[in-house]
Structure formats: structure tokens, C-alpha cells
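1. make a model of this:
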Amino acid sequence: FCIPFLFHTPVVWHAEVLAVHSDTASPSVGENLPVHQQELLKENARLSQERRDLLKQHGKEKQEYEAHVQQLETAVEEERLRLEDLLEAKKLEIEDLTRQVEAMEKQIKANKQFMESQAVEREQERDDYQREVLKLKEALKEKEKHLTTGQRLKREVQRQT
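-> Residues are numbered from 1 along each chain as shown. Here you go, the predicted model:
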């Protein structure tokens, strides 16, 4: 512990040396000094002890804060990794769903084309059946016409005979 502006007096220097070595110094060191200087030595020793206590406390708090920071960094890294995994899983899920949607759209398109072609075929068949029905009706009318003419002739023949 150094206070440069106080080094001009031997008493202050002596007090600093005593403060630094106060753990090993005996209580009788400095008893030969005047009371004012003894009080300064005691104050210096007290302040030195307070400084050591504060440094010790600071060291403990620093370790606690560093441990807490390490825990927080670990928690943040774990959360980051969890979120990356979750993001990757969601990307894969989206890709899978996109493929499913594309497959369904393709199937819908194929079904629509099939139904349209079936509708065209059914329409064609309906038209063909309708023409066939008309043709049969015409043939039936023709036949009835011939039958009617034949029956008339037959009646006339029967009348004349």
C-alpha cells in the first residue's frame, strides 16, 4: 500500500512498513513514538486491514459473479442449441408438409383431369344414346307407318273380298 506524497517523513514510511507487516509485527513496535504518531500507525493498520478485508470480499464477490456469469452463459448456450434444434425440426416439418401439399395438388390436378375426361365421355355417350333413341323412334314411326299402311291395305282387301 503506497501513498507517495507521504513518503517525505520517516514516521509515515515506518507506519507503512508496519501496516504491510502488521500480521508479524509485535504490539510493542511503535510504543516509543509520540501518541499522535501511534494513533496514525493504528489508523494506518486499521485501514490496511480494512483494505485487505475489502480485497478479500471483492475476490469472493468476483468469484461468485464469475460463477454466475458462467452459469448464465451455459444456460444461454443450452437455450441457443435447443432453439437451433427446434428450428431445424420445424424446417424439416415444413419441408415435409410442403412435399405433402405438392403431392396433394398433383393428385387433385390428376383427379380433376380424370373427372373432366369422364364428363366429356359421359356427355358423348349421352349424345350417342340420344341419337340412337331418335333413330329408333324414327324407325318405329316408319314401321308403324308401314304397319298402318299394311293394315289399311289388308282391311281393304278384306272388304273387297
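2. tell me how far P34 lies from R46.
-> Distance, P34 to R46, using Cβ to Cβ, to the nearest Å: 19 Å. No exception for glycine: its C-beta is placed from N, CA and C like everyone else's.
3. so what pLDDT did the residue nearest the centre of the chain get?
-> With distances taken as Cα atoms, centre = their mean, the residue of the chain nearest its centroid is L87 (4.4 Å). Among the per-residue scores, L87 holds a pLDDT of 98.
4. okay, P34 and R46: which has more neighbours?
-> Neighbours per residue (other Cβ atoms under 10 Å) separate P34 from R46, with R46 holding more: 12 against 9.
5. show me how far the helix or strand containing the more buried one is from its chain's centre.
-> Using DSSP states H and E, the element containing R46 is helix 35-160. Distance of helix 35-160 from its chain centroid, counting by Cα atoms, centre = their mean, to the nearest Å, is 17 Å.
6. so what's the residue count around D85?
-> 10.
7. E105 now?
-> Counted with other Cβ under 10 Å, E105 comes out at 10.
8. repeat that for E43.
-> Other residues close to E43 by other Cβ under 10 Å number 12.
9. go on, Q37?
-> 16.
10. let's see the pLDDT reported for it.
-> 92.
11. likewise S22?
-> For S22, the model assigns a pLDDT of 48.
12. same check on R51?
-> 97.
13. check A19 too.
-> On the pLDDT scale, A19 gets 48.
14. where does the protein dip in pLDDT?
-> 1-30 (pLDDT under 70).
15. now do 50
-> 1-15, 18-19, 21-26 (pLDDT under 50).
16. on that earlier part again, elements contacting the helix holding R46?
-> With contacts taken as 3 or more Cβ pairs under 8 Å, 6 or more residues apart in numbering; DSSP states H and E, helix 35-160 sits against helix 10-20.
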